[in-house]
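In: Provided below are the primary sequence and the corresponding predicted coordinates.
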Amino acid sequence: MNLQYVLNPYARPQPPWATWSDGFSPAELDILQNYAINADIPANVGGNNNTGRVDNDIRRSKVKWMSNDNQYSWVFHRLGHIVSSLNAEFYQFDLTGFGEALQLTNYSENDHGMYGWHQDGGSMNLGPCRKFSLVMQLTDPSNYEGGNLEVMDGGRPRVVEKKRGLITVFPSWTLHQVTPVTQGSRQSLVLWVTGPQFK
């Protein structure tokens, strides 16, 4: 028996992640992918944006940051609509917006995401916290091998579908990882959505 339904028979179960397809046109994906391909900042660990340190044993990729300015406001506006829609349907979190710049990442062969299995949220500070992590796949899956986005679901790792333009949103406390790219290169867009601390 599922205790959740005993406590609240009307409760709606929250999925481990939610997806959105076709949020951006192929031409728009090309713009974002080209931006990611030209990423030249070594990804760091232990901090946000340009803080932290480089440790290729923990995280190996190149990143570029995109701010919510006039040139790229259309990206943030579109992603904001998508996150709001998925949140309203599945999670109903109290959100305030995008608290950080958008990260575009380029994974070449043998590159991998941060820390193996890790969480993006969980900060104990009193300010806004990361509530959602958003990942958009920019590369056609026929152009690379490996580089799987994996999300932990009830103690079992699950591989998110590989599809260009697919947006995956999950609570930032969710364990997840990107496996090493074994052939080709993979580009992705990552963004965090913030809100007041959970109570």
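Out: Sure, I can see it. Fair warning: this is a prediction, and the values are worked out from it, not measured in the lab. Residues are numbered from 1 along each chain as shown.

In: strands paired with the helix or strand harbouring residue 65, and their directions?
Out: Counting by DSSP states H and E, the element that carries residue 65 is strand 62-66. Using DSSP bridges, strand 62-66 pairs in its sheet with strand 41-42 (antiparallel), strand 102-107 (antiparallel).

In: Just name the most buried of the ones you listed.
Out: Of all the strands paired with strand 62-66, strand 102-107 has the most neighbours on average by mean count of other C-beta atoms under 10 Å, namely a mean of 24. Where you see a C-beta, it was placed from the backbone N, CA and C, and this is true even at glycine.

In: Distance from the helix or strand just after that strand to the middle of the chain?
Out: Remark: after strand 102-107, the chain's next helix or strand is strand 129-137, criterion DSSP H and E. Relative to its chain's centre, strand 129-137 lies at 4 Å (C-alpha atoms, centre = their mean, to the nearest Å).

In: okay, and for this protein, where does confidence drop off?
Out: Residue ranges of the chain with pLDDT under 70: 1-13, 42-61, 110-115, 122-127.

In: Which parts of it are helices?
Out: All helices of the chain, identified by DSSP state H, fall at 3-7, 26-37, 73-86.

In: Need those helices in CSV (columns: distance to residue 162).
Out: Below are those laid out as CSV (distance: least, C-beta to C-beta, whole Å):
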stretch, distance to residue 162
helix 3-7, 31
helix 26-37, 14
helix 73-86, 19
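
In: sorry, back to before: residue 183: which of the strands paired with strand 62-66 is closest?
Out: For residue 183, the closest of these is strand 102-107, at 11.2 Å, according to C-beta to C-beta.

In: what sits up against that closest one?
Out: Strand 102-107 is contacted from outside by 32, 35-39, 43, 61-68, 72, 75-76, 79, 113, 138, 144, 147, 178, 181, 185-191, using C-beta atoms under 8 Å, 6 or more residues apart in numbering.

In: again with stretch 151-171
Out: Counting by C-beta under 8 Å, 6+ apart, 14, 16-24, 26, 29, 79, 82-83, 86-87, 91, 93, 117, 121, 131-141, 148-150, 174-176 sit against stretch 151-171.

In: Check the burial of residue 171 by counting its neighbours.
Out: Neighbourhood size, residue 171 [other C-beta atoms under 10 Å]: 21.

In: for the one 3 residues further on, same thing?
Out: Look at residue 174: counted by other C-beta under 10 Å, it has 17 neighbours.

In: quick one, what contacts it?
Out: 16, 17, 119, 133, 151, 152.

In: can you redo these as JSON lines with distance to residue 161 and neighbour count?
Out: Shown next, in JSON lines, are the contacts of residue 174 (distance: C-beta to C-beta, whole Å; neighbours: other C-beta atoms under 10 Å):
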{"residue": "16", "distance to residue 161": "13", "neighbour count": "17"}
{"residue": "17", "distance to residue 161": "10", "neighbour count": "21"}
{"residue": "119", "distance to residue 161": "22", "neighbour count": "16"}
{"residue": "133", "distance to residue 161": "17", "neighbour count": "22"}
{"residue": "151", "distance to residue 161": "11", "neighbour count": "20"}
{"residue": "152", "distance to residue 161": "16", "neighbour count": "16"}
